[in-house]
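Novice: Coordinates for the following, if possible.
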Amino acid sequence: MLKPGKSHVMPNHLSRLPREPAKEGVYDELPNAPLFLLEGRQVSAEIPTVFLTQSKAEELLLYQVVAVPEWYQGLAEFLAAGRFPNDMPKIDSPLTGNMLVEDVVSSDKKKAFFRRLFFKRNPNLIQSEALLTPTNGFRRVDTTDEMKVDHSYLASPYHEGMVAGLSLISTKIESCVSSKEQIRVMIVGLGAGLLPMFLYKHFPFNSIEVVELDPVVADLAKRHFGFVEDDRMQLRLGDGLAAVDAIAKQEMEEQANRENTRHKLHILLIDADSSDPSNGLSCPPEEFLLETFLRSAKAALEPEGILVIKVVSRAREPHIQADQRMCKTFSEVYSLQVDEDVNRVVFGLPQPSNLRDSTAIFNAGVLLKNVAGQFASWDKGPNVKDVLKKIKRIK
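Specialist: Have a look, this model is predicted:
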């Protein structure tokens, strides 16, 4: 946790962390190691190893390696060897491995507090990031002991994309709200629980079921990130593949018996990371992009529903294969590029929609915000208009 008098400043852009901080000193050219500037301008896209400031002296650009902040040294130690500084929560899971929860302060004048979750098996990625706000109103505080997670804010760009992409079925969502029809949502992968809690807070979804394989992750989300269960939000410990397949099979059986019980989902979001990097995928596990699962997902969805999958890979081939398989299974497929050549969100619609062009998609975004606005304030929510500008239809 944050402690008064210690340096805990983290640049907002930072998503990759050092393994071996360099020595202090002044250089007239960049060292061979990849670098970051303290003021936040990125020098290299590679894994950074040192912090720098820069200045001009007699028209020579000098790079000065400065002292690495205390929080940074601790995190570097964790990433390099799996050892935790004494004041960081020590969390270990037989399924997920070592996990780290860290509180940090932004480097801007507003001094915003954030809580972050890291998985050691994917150390170059911030798994989750939450905004912290004072427990008692807006008074200034200097320690996160007096703060709580603000579930009206999404720090993750791909979470913003997943939410904004629900505009593709905003007409169906609005219709269900108007007719008081139950809206059923399933999210595979809990993480810190920030995505399900945002949906819980901002949308009139009657049933949100989160499927998480690891009970340690579930406990972490409740203890450190404010995840809650009630009659609208349920947590199921188990396999997301099996959960989706069960709904698909149940629907087929009831159709064969001409029963009319409704179990199908309106929204299915896959937000799980992979424990096997050998196939080039950081998210999701490869099984969630195979045609067998995609067919089950389509069968588990309402005709006007939507499948949303976060796809993270530095290689091109997994992205190409994901698009090909989605296009083979779904009537309409859309893609949102979050980070260049790395993070994407892919959307699949089981049946054709009325979204003929970008104007129709923009209007759908307006409708989504209007529906959400009837339920809760959108002040800190994603800029739906800007996100939808980046969505491309690929089928």
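
Novice: And the helix or strand hosting F293, what's buried?
Specialist: Per DSSP states H and E, F293 falls inside helix 291-300. Neighbour counts over helix 291-300 (16 or more other CB atoms under 10 Å) mark 293-300 as buried. Any C-beta I mention is one placed from the backbone N, CA and C, and that applies to glycine too.

Novice: counting contacts, what elements does that helix pack onto?
Specialist: helix 240-256, strand 265-270, strand 301-312, helix 316-329, strand 343-349 (3 or more CB pairs under 8 Å, 6 or more residues apart in numbering; DSSP states H and E).

Novice: any idea of the angle that helix forms with strand 343-349?
Specialist: 50 degrees (axes from the mean of the first three to the mean of the last three CA atoms, to 10 degrees).

Novice: contact partners of stretch 169-185?
Specialist: Residues from elsewhere that reach stretch 169-185 (CB atoms under 8 Å, 6 or more residues apart in numbering): 166, 199, 203-209, 262-269, 302, 304-306, 349, 353-354, 364-365, 367-368, 370-371, 374.

Novice: that older thread, got JSON lines for the helices and strands packed on helix 291-300, with distance to K148, mean neighbour count and mean pLDDT too?
Specialist: As requested, the helices and strands packed on helix 291-300 are arranged in JSON lines below (distance: least, CB to CB, whole Å; neighbours: other CB atoms under 10 Å; pLDDT from 0 to 100):
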{"stretch": "helix 240-256", "distance to K148": "28", "mean neighbour count": "16", "mean pLDDT": "82"}
{"stretch": "strand 265-270", "distance to K148": "24", "mean neighbour count": "25", "mean pLDDT": "98"}
{"stretch": "strand 301-312", "distance to K148": "26", "mean neighbour count": "23", "mean pLDDT": "96"}
{"stretch": "helix 316-329", "distance to K148": "37", "mean neighbour count": "17", "mean pLDDT": "94"}
{"stretch": "strand 343-349", "distance to K148": "28", "mean neighbour count": "24", "mean pLDDT": "95"}
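
Novice: count of neighbours near V366?
Specialist: 14 (other CB atoms under 10 Å).

Novice: What is the strand or helix carrying it packed up against?
Specialist: Assigned by DSSP H and E, V366 falls within helix 358-373. Other helices and strands packing on helix 358-373, by 3+ CB pairs under 8 Å, 6+ apart, are helix 170-179, helix 384-388.

Novice: Look up how far E181 lies from R393.
Specialist: 27 Å (CB to CB, to the nearest Å).

Novice: swap that for L294, sorry
Specialist: Using CB to CB, we find L294 at a distance of 26 Å from E181.

Novice: Then E174?
Specialist: Here E174 is placed at a distance of 11 Å from E181 (CB to CB).

Novice: where do the strands sit along the stretch 101-250 of the chain?
Specialist: 113-119, 128-134, 147-149, 184-188, 207-212, 233-237 (DSSP state E, counting those that start in this stretch).

Novice: Tabulate those (CSV), appending mean pLDDT.
Specialist: Formatted as CSV, the strands of the stretch 101-250 of the chain follow (pLDDT from 0 to 100):
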stretch, mean pLDDT
strand 113-119, 83
strand 128-134, 86
strand 147-149, 86
strand 184-188, 97
strand 207-212, 96
strand 233-237, 96
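
Novice: V244 is nearest to which of those?
Specialist: strand 184-188 (7.1 Å; CB to CB).

Novice: For S282, give me its contacts.
Specialist: Going by CB under 8 Å, 6+ apart, S282 touches 122, 125, 273-274, 312-314.

Novice: Sorry, wrong one. I was asking about V312.
Specialist: V312 touches 125, 158, 273, 281-283, 342-344, counting by CB under 8 Å, 6+ apart.

Novice: pLDDT-wise, what's the bottom of those residues?
Specialist: Within the contacts of V312, pLDDT reaches its minimum at L125, with 70.

Novice: any idea how far I183 is from that one?
Specialist: Taking CB to CB, one finds L125 at 31 Å from I183.

Novice: same check, this time on M233
Specialist: 13 Å.

Novice: go on, S175?
Specialist: Using CB to CB, S175 is found at 10 Å from I183.

Novice: likewise E102?
Specialist: Distance from E102 to I183, by CB to CB: 35 Å.

Novice: Looking at the two, which has the bigger crowd around it?
Specialist: Of the pair E102 and I183, E102 is the one with more neighbours under other CB under 10 Å, namely 24 against 20.

Novice: Quick check: bridge partners of the closest residue in space to that one that isn't next to it in sequence?
Specialist: The shortest distance from E102 to any non-neighbouring residue, by CB to CB, 6 or more residues apart in numbering, is to R116 (5.1 Å). Note on R116: beta-bridge partners E102, E129, judged by DSSP bridges.

Novice: quick one: R116 and E129 touch, right?
Specialist: Yes - if you go by CB atoms under 8 Å, R116 and E129 touch, sitting 4.9 Å apart.

Novice: Of E174 and E181, which one has the most company?
Specialist: Set E174 next to E181 and count neighbours by other CB under 10 Å: E174 wins out with 16 against 13.

Novice: How confident is the prediction for the more buried one, by pLDDT?
Specialist: Looking at E174, the pLDDT reads 96.

Novice: Quick check: which of the strands of the stretch 101-250 of the chain has the most neighbours on average?
Specialist: strand 184-188 (a mean of 24; mean count of other CB atoms under 10 Å).

Novice: now the angle from it to strand 233-237?
Specialist: Going by the same axes, to 10 degrees, strand 184-188 makes 40 degrees with strand 233-237.

Novice: partner strands of strand 184-188, parallel or antiparallel?
Specialist: Within its sheet, strand 184-188 is paired with strand 207-212 (parallel), strand 265-270 (parallel), according to DSSP bridges.

Novice: would you turn these into TSV with distance to L388?
Specialist: Supplementary listing: the strands paired with strand 184-188 in TSV, determined by distance: least, CB to CB, whole Å:
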stretch	distance to L388
strand 207-212	23
strand 265-270	17
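
Novice: and of these, who's closest to V333?
Specialist: Between those, strand 265-270 lies closest to V333; by CB to CB that is 14.4 Å.

Novice: so can I have TSV of the helices and strands packed on helix 291-300 showing distance to E229?
Specialist: Listed next are these as TSV, based on distance: least, CB to CB, whole Å:
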stretch	distance to E229
helix 240-256	16
strand 265-270	18
strand 301-312	22
helix 316-329	31
strand 343-349	26
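
Novice: Many thanks, I have nothing further to ask.
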